[in-house]
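Novice: Structural data only, the sequence is not supplied:
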Ligand SMILES: O=C(CO)[C@@H](O)[C@H](O)[C@H](O)[C@H](O)COP(=O)(O)O
Ligand SMILES: O=C[C@H](O)COP(=O)(O)O
């Protein structure tokens, strides 16, 4: 620290000590841990008769944000509990304030509670929020719990209302950021009426202290600058203007003091004084000289008056001790001060404008300091937590980096991170978004009830199940699937299987994979009304009943939202347990709720540990963390602006083998959240990396790495070629929970950037409706409505709507496919949508075909299986940008399966889903072609792959 070298004070003619003789109290506008701990603060009390201490966000920014003073406490706190940055800061600040309160307490006692105070400011973010300010004032007052504490509240209109309430509560208040006489008058009025309210309730007014911090030097800073500007411009009043340099702020302060004197003489005040009330003293703040042309003790020497305080910054403190002169300056030349203000007005110097600007700027500057401070605390926290946190880094082209930096700054100045966490829908479209933000708090909520999940885990283990078969779609299945694939089967625990298909062959494969008698079935559906989990339930209920020879309710669990149809089903069928989701969380954001946690618990994942680890990331992203250092917000701004400003809307996901299944979950989150009203990001999962030549300029790469794994070397070339690359490195698979939250937040932010509601899925719903129409028709008539191919080539039949048929012609397979893919242009993507069993073979087939398409057409490709993708990427394909060219593949099922209780079969449902999907794609004017394989699937897939190859390469 630069000043207050009190070890060998050099005393001038009039030392700071003598201010007391003029009944002015010198306070120190500074706080720092080492300064208090080393005894220097106490030294000022002893040598200079220091009477108080003030802090503000800028002071704490300097104290905590730089240097290592606070590192030991940060380490100690984080070793106990991984506090979020906001709480961490507050704990550090409170420790400092309490320590300073202890040093100042003898002064407090000696002066009979007139002096000896230490001020702590409420969050600067609350400067225009009365309710928030009063709540925080009460909270900090209680938390710090020291009678010589003063809570600092800004003297904005909103703050002034809170001042009154705080005083009524008996809280000592320092009102800060006062520049204008009128604002000061309102604050004094608030103080008096707060005391009167106490008196009216019969409460004591004696032990309450308050100061009104009137800022000085900043006023001269602004007025002088205007004077200089006008003088330089050759103003006709140049000489008169120059005479006002360095005078206006002091004149303004003198008149504020006159108002104070008047009010304290008033009968209204006297009535309170009789009851022992202390006057609210004026405190001169911002008293360091900024203009080197002036005396370095100007704003101390000229403002000495009875019953006032001057909070002096360290350098000025030392200067005044050295050469300050004392006289009762404050009441001198009051008429001259009036004249200064009158002259200023006459000469067109807009003091009112300046003071109102200074309030706004002052609040903004404190918020900025607070941002920097919290950013520094967040960085220290991250360094201490090290590998306990996943790590995000981004390698961005400079144009994108600049736009992201600009967006981060806007998020900070507009308080968007806090608004998001406050569930303020104006972050998005001012639509229903606020109702869908339960995922922000679900981990803390689940942690509070984690014993329910631990009990379930114990019970499942005790019952000795061999398998758990989860039946669900999209948000209800993809999260559990990531857990299953990432953690594998834990020794001594049942194996988790996740079935999200209506393909009859796939249903049979799953049936065969489990030991039905020893299987726990989980029917997972948020809405409870989704077709697939309902018919899968009907099927497996029947299978289990047959195997067990009795109603198998004891082997079934439901996960659903309260009051859903599935809850009724579970009740009627006497399910073993029912777990509820949170209706304020949509499916794709539900993995950290019971939809992910119940499957996790029953398959032996230690849910408490998993949630604790996830909480670390949530706290890294919480409301207290400015956008610049908030990993979830930054990631969202990168992805959102890459798409919005640079057309890089294909989020290409690379993932380590150990966490490869994360991509399918992420696809749903990205596509369903953002792909709507013709905007959005298109996720591209599992596409192998190629060299830069096979890519357009529409990609962003997201590389998910595990442990110390090196990034794929091809990414370096892509980065050099100008593609943005974001790397998310997980120390171990357990951090997958952190990755879930990180991306949930990021994608919510993308919604804000793209100005969409990220929480609805209108086109998924539309497809569901279209499918329902078809299955209902089947229930009534026993068949699906007739349809005719527009072309047939061997075992391949082609279907499309008129518009697409017109573009494709009616030739053979190769010619149709050729025309279809010839429609693919730069920035487009190809979607292969296969309604067949999803197994190793078919996945290999699809992968092979998509890679050929990617390399030949040099566009992004997606290889998806129906009906699974309908609850995921299907939203973006229909509702997102019209840049997809789709090839839907259907096949005649070799073996079908009945759905108990229904006329239709699984095969019929799947066919209806494919047709519903296709109809919606067509109605959205997408370039879509359907090919149906008659006969052997294996042979048909081969014929199709060959035809595609020929169509795109001519070979
Ligand atoms: O408001 C109080 C004390 O109540 C002070 O801590 C106040 O914030 C500081 O004096 C000012 O922020 C310093 O302003 P400046 O010297 O940077 O213009
Ligand atoms: O992503 C959600 C799927 O559409 C499934 O919905 P659900 O959980 O309401 O059955």
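Specialist: Perfect, I can see it now. Just so we're clear, the structure is a prediction, and the values are computed from it rather than from any experiment. Ligands and ions are numbered 1, 2, ... in the order given.
Novice: just how off-centre is the helix or strand bottoming out on mean pLDDT in the chain within its chain?
Specialist: Every helix and strand in the chain was compared by mean pLDDT, DSSP states H and E; the lowest is helix 762-781, with a mean of 87. With Cα atoms, centre = their mean, to the nearest Å as the basis, helix 762-781 stands 37 Å off its chain's centre.
Novice: The helix or strand just after it: partners in the sheet, and parallel or antiparallel?
Specialist: Using DSSP states H and E, the helix or strand that directly follows helix 762-781 along the chain is strand 791-793. Partners of strand 791-793 in the sheet, by DSSP bridges, are strand 796-799 (antiparallel).
Novice: just so I have it, where are all the strands in the stretch 601-750 of the chain?
Specialist: 650-655, 682-685, 699-706, 725-730 (DSSP state E, counting those that start in this stretch).
Novice: so what does the first one touch, helix or strand wise?
Specialist: What it means is strand 650-655. helix 662-674, strand 682-685, strand 699-706 (3 or more Cβ pairs under 8 Å, 6 or more residues apart in numbering; DSSP states H and E). (Each C-beta comes from the backbone N, C-alpha and C, glycine too.)
Novice: who touches it?
Specialist: 639, 662-663, 666-667, 670, 681-687, 689, 698-704, 712, 715, 829, 860 (Cβ atoms under 8 Å, 6 or more residues apart in numbering).
Novice: so which of the strands of the stretch 601-750 of the chain gets nearest residue 491?
Specialist: Comparing the strands of the stretch 601-750 of the chain against residue 491 with Cβ to Cβ, the closest turns out to be strand 699-706 (21.2 Å).
Novice: quick one: average confidence on that closest one?
Specialist: Across strand 699-706, pLDDT averages out at 98.
Novice: Could you give the number of residues near the closest residue to residue 641 other than its chain neighbours?
Specialist: Nearest residue to residue 641 in three dimensions, chain neighbours excluded: residue 403, at 5.0 Å (Cβ to Cβ, 6 or more residues apart in numbering). Applying other Cβ atoms under 10 Å, we find 19 residues neighbouring residue 403.
Novice: Which helix or strand lies directly C-terminal to the helix or strand containing residue 403?
Specialist: Applying DSSP H and E as the criterion places residue 403 in helix 398-413. Moving toward the C-terminus from helix 398-413, the next helix or strand (DSSP H and E) is helix 416-421.
Novice: List the contacts of that next one.
Specialist: Helix 416-421 is contacted from outside by 125, 410-411, 426-427, 440, 622-623, 625-627, 630, 633, 748-749, 752, using Cβ under 8 Å, 6+ apart.
Novice: From the residues you listed, which land in helices?
Specialist: 410-411, 633, 748-749, 752 (DSSP state H).
Novice: In those, find the pair that's most separated.
Specialist: 410 and 748 (16.5 Å).
Novice: The least confident helix or strand of the chain vs helix 662-674, what angle?
Specialist: 100 degrees (axes from the mean of the first three to the mean of the last three Cα atoms, to 10 degrees).
Novice: Quick check: buried residues in helix 762-781?
Specialist: The neighbour-count check on helix 762-781 (16 or more other Cβ atoms under 10 Å) flags 763-764, 766-768, 770-771, 774-775, 778 as buried.
Novice: re the thing from before, would you mind finding the most buried of the strands of the stretch 601-750 of the chain?
Specialist: The densest packing among those, expressed as mean neighbour count by mean count of other Cβ atoms under 10 Å, is seen in strand 682-685 with a mean of 27.
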